[in-house]
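# sequence plus predicted model, see below.
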Amino acid sequence: MIRLTDAAVDEVKRILTDQQADEGTCLRLGVSGGGCSGFSYVMTFDKDSQEDDQIADYKGLKVLLGADAAPYLDSMVVDFNDDVNKRGFVFNNPNASDSCGCGSSFSV
């Protein structure tokens with residue numbers, strides 16, 4: 001399973017509040033083909049879990065990880081960086097053999 005830091009959880013919760021998301025909205029993490037390194041990280045909001053999803057709860061935030069993405073993201077840590085020069089989610093993926101300079105795509 002993946003892990004979210006407190007900073008990442010707090011930022012996702014802030015976004016959900018700002019977007020006035022329905023109660024029970026979950027964060028779904030996944031991958032898609034593309035990006036400069038082969039795969040791109042995907043973060044979306046979802047109301048429904050699938051039968052084969054891995055489900056975790058972080059401070060009341062439900063996080064979904066589909067079976068198709070699990071081999072690529074297993075043991076990944078998602079953090080949130082709120083520095084003046086660089087603001088955004090940071091993916092620390094031990095399964096990635098290479099990643100692009102911006103950190104949003106990877107290869108295995």
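Now that the structure is in, tell me what you want to look at.

# can we go C-alpha only for contacts and neighbour counts from here?
OK.

# residue 20: helix or strand, and which one exactly?
Secondary structure from DSSP states H and E places residue 20 outside every helix and strand.

# ok so residue 7 is a strand residue?
No - Residue 7 sits outside any strand when classified using DSSP: H, G, I helix; E, B strand; the rest coil, being helix.

# look at it and say how many residues are nearby.
15 (other CA atoms under 10 Å).

# I figured it hits residue 87, correct?
No - with contacts counted by CA atoms under 8 Å, residue 7 stays clear of residue 87, the gap being 11.7 Å.

# shared neighbours, the two?
Here residue 7 and residue 87 have 80-81 as joint contacts, going by CA atoms under 8 Å, 6 or more residues apart in numbering.

# show me what the helix or strand harbouring residue 55 is packed against.
Using DSSP H and E, residue 55 maps to strand 54-58. Where contact means 3 or more CA pairs under 8 Å, 6 or more residues apart in numbering; DSSP states H and E, strand 54-58 is packed against strand 61-65.

# what about the helix or strand following the strand it packs on, average pLDDT?
Scanning forward in sequence from strand 61-65 by DSSP H and E, the next helix or strand is helix 70-73. Average pLDDT, helix 70-73: 92.

# quick check on the residue lying closest to residue 31 once chain neighbours are set aside: phi, psi?
Nearest residue to residue 31, sequence neighbours excluded (CA to CA, 6 or more residues apart in numbering): residue 41, at 4.7 Å. Dihedral pair for residue 41: phi -80, psi 140, per degrees, to the nearest 10.

# does the spatially most central residue of the chain sit in a helix or strand, and which one?
For the chain, residue 29 is the residue whose C-alpha lies nearest the centre (CA atoms, centre = their mean; 4.2 Å). According to DSSP H and E, residue 29 maps onto strand 26-33.

# touching that strand from outside, list them.
12, 39-48, 61-66, 69-70, 72-73.

# likewise for stretch 6-25?
27, 45-48, 58-59, 61-62, 78-81, 89.

# now, the most widely separated pair of these?
Across the contacts of stretch 6-25, the longest distance by CA to CA is 28.1 Å; it joins 48 and 81.

# okay, buried residues for stretch 56-75 please.
56, 61-66, 69-70, 72-73 (16 or more other CA atoms under 10 Å).

# sounds good, over and out.
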